[in-house]
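Undergrad: let's see this in three dimensions:
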Amino acid sequence: MSGKQVAKQDTQAGRQVEEQESHASAQAQAGLNLNILGALSGALSSRSKRTSETHDDGSSASTEESAHAARANGVGAGNFSAVGSGKAEAGQRRMKEVDHLGIQE
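TA: Alright, predicted model coming up:
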């Protein structure tokens, strides 16, 4: 808050002038908000099969079969918000004139 007070003397008319002035000011600002959320889930499966054969001559052969599968799911969401600002002011001014006899005008 700022203010000033001034007293002036007018010598020709014999008057005194008083002035008073005040002023106040306020200001505010806000911010912003950001939220991010995510989720991921998945599954993995595997299957294998082994086959062995023995031939007439005594030799053997093996065969392996395998199958793999994978699955995934994902979800995401976001949120953003912002808030503004405000301002306030106040003022006052007063003037008083007094002549040389002490009479206010």
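
Undergrad: helices of this structure, residue ranges please.
TA: Shown for the chain, no helices are assigned by DSSP state H.

Undergrad: the domain parsing of it - what is it?
TA: Here the domain parsing of the chain from automatic domain parsing is 1-29+85-105, 36-83.

Undergrad: columns mean neighbour count and mean pLDDT on top of those domains, output as JSON lines?
TA: Where C-beta positions appear, they are placed from N, C-alpha and C, glycine not excepted. Formatted as JSON lines, those follow (neighbours: other Cβ atoms under 10 Å; pLDDT from 0 to 100):
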{"stretch": "domain 1-29+85-105", "mean neighbour count": "10", "mean pLDDT": "73"}
{"stretch": "domain 36-83", "mean neighbour count": "9", "mean pLDDT": "90"}
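
Undergrad: got the contact list for the closest residue to Ser25 other than its chain neighbours?
TA: Among residues not flanking Ser25 along the chain, Glu89 sits closest, at 5.2 Å (Cβ to Cβ, 6 or more residues apart in numbering). Residues near Glu89 by Cβ atoms under 8 Å, 6 or more residues apart in numbering: 23-26.

Undergrad: from those, which is closest to Met95?
TA: His23 (15.5 Å; Cβ to Cβ).

Undergrad: now the closest one, nearest residue through space, not along the chain?
TA: Gly91 (4.9 Å).

Undergrad: hang on, the earlier thing: and the residue nearest to Ser25, how far is that from Ala24?
TA: 7 Å (Cβ to Cβ, to the nearest Å).
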